[in-house]
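[1] Generate coordinates for the sequence data below:
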Amino acid sequence: MTILEPVRRVLLTGFEPFGGESFNASEFVVKGLKGTIVSGSPIQCAVLPCAFVEAPRVLRELVEESRPDLVICLGEASGRTRITPEHRAVNLDHAPIADNRGRRPRQREIFSGAPLTRRSRLPVKGIVASLSREGFPAAASWSAGRHVCNHVFYHLMHHLRVGGWNRTCGGFIHVPALRPGLRSGKLALEDLPKAIRLAITTALDSNPGMPGIRY
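    Predicted coordinates:
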């Protein structure tokens, strides 16, 4: 009798353009990986609105509907030249600019009374090592900012911790704000889907049982 391995489901999200831009590198990656299979796992892809209220609501609906084993949220970070998996989300909104709905929270807790930080469940060091071995500039990051990226990241980790999804692995990765035809150091926009595919493979292979991945 052949025993079939259970199929693990992966949810990958990016963001729509914001801040007056017409392009978002994280959206480019998500669209590039839509419909692909990584390490035997189908990748469900979605683009989140860059909005403090709507983005976590859409993410929560996606998680509850698809029941993924792994969730990786992507965002773009201007000024960064490396792919940066985030170590922790911070329970604070302090937006330097308004979101796409005109909201700009300042010095506001995301969840009242919740811990100041929540740690990623991704194998951050492992992802950085895998990317670096393949020639993709990468480094771990301790700050996802205080805009919608961090807001969604904290919502994700809070929901996975207290919302009944303790067996799901999840975290956040920033990619440089690359644009078509432009390079940032050794990275070109077209490199990003391959790099994130490798990050997904590393997360899945680090602990085949999911969850409990540690960095």
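[2] Spatially nearest residue to residue 54, not counting backbone neighbours?
    Closest residue to residue 54 apart from its sequence neighbours, by CB to CB, 6 or more residues apart in numbering: residue 101 at 7.1 Å. In this view, the C-beta of every residue, glycine as well, is placed from N, C-alpha and C.
[3] which SSE is the one you found in?
    Element membership of residue 101, judged by DSSP states H and E, is empty: it is in no helix or strand.
[4] need the contact list for it.
    By CB atoms under 8 Å, 6 or more residues apart in numbering, residue 101 lies in contact with 49, 51-54.
[5] Now, of those residues, which are buried?
    Among the contacts of residue 101, those buried by neighbour count (16 or more other CB atoms under 10 Å) are 49, 51-52, 54.
[6] so which pair among those is furthest apart in space?
    49 and 52 (9.6 Å; CB to CB).
[7] what residues are up against the nearest residue to residue 19 once chain neighbours are set aside?
    Distance criterion CB to CB, 6+ apart; nearest residue to residue 19, sequence neighbours excluded, is residue 97 at 5.6 Å. Listed by CB under 8 Å, 6+ apart, the contact partners of residue 97 are 19, 104, 147.
[8] pLDDT score for residue 97?
    We have a pLDDT of 97 for residue 97.
[9] returning to that earlier point: and which of the contacts of residue 101 is nearest to residue 70?
    Residue 70 lies nearest to residue 49 out of the contacts of residue 101, by CB to CB, at 22.3 Å.
[10] Model confidence score at the closest one, please.
    Turning to residue 49, the model gives it a pLDDT of 98.
[11] need the strands for this protein, in chain order.
    Along the chain, counting by DSSP state E, strands occupy 10-15, 37-38, 41-48, 70-77, 84-85, 88-90, 117-119, 169-176, 183-184, 187-188.
[12] how about the first one as CSV, C-alpha atoms only?
    So the one you mean is strand 10-15. Extracted C-alpha coordinates of strand 10-15, given in CSV (Å, rounded to 0.1, in the frame of the first residue of the first chain):
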residue,chain,number,x,y,z
VAL,A,10,1.2,27.7,1.5
LEU,A,11,-0.3,31.2,1.5
LEU,A,12,1.8,34.0,0.0
THR,A,13,0.7,37.6,0.1
GLY,A,14,2.1,40.9,-1.2
PHE,A,15,0.8,44.5,-1.2
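[13] Could you list every helix and strand that that strand packs against?
    Judged by 3 or more CB pairs under 8 Å, 6 or more residues apart in numbering; DSSP states H and E, strand 10-15 is in contact with helix 25-33, strand 41-48, helix 54-66, strand 70-77, helix 148-162, helix 192-206.
[14] Parallel or antiparallel, which strands does the helix or strand of the chain with the lowest mean pLDDT pair with?
    When the helices and strands of the chain are compared on mean pLDDT, DSSP states H and E, strand 183-184 comes out lowest with a mean of 83. Strand pairing for strand 183-184, determined by DSSP bridges: strand 187-188 (antiparallel).
[15] Report the contact partners of residue 82.
    Neighbours of residue 82 in contact, by CB under 8 Å, 6+ apart: 137-139, 176, 185, 187.
[16] where among the strands of the chain is the average confidence lowest?
    strand 183-184 (a mean of 83).
[17] That'll do, ta.
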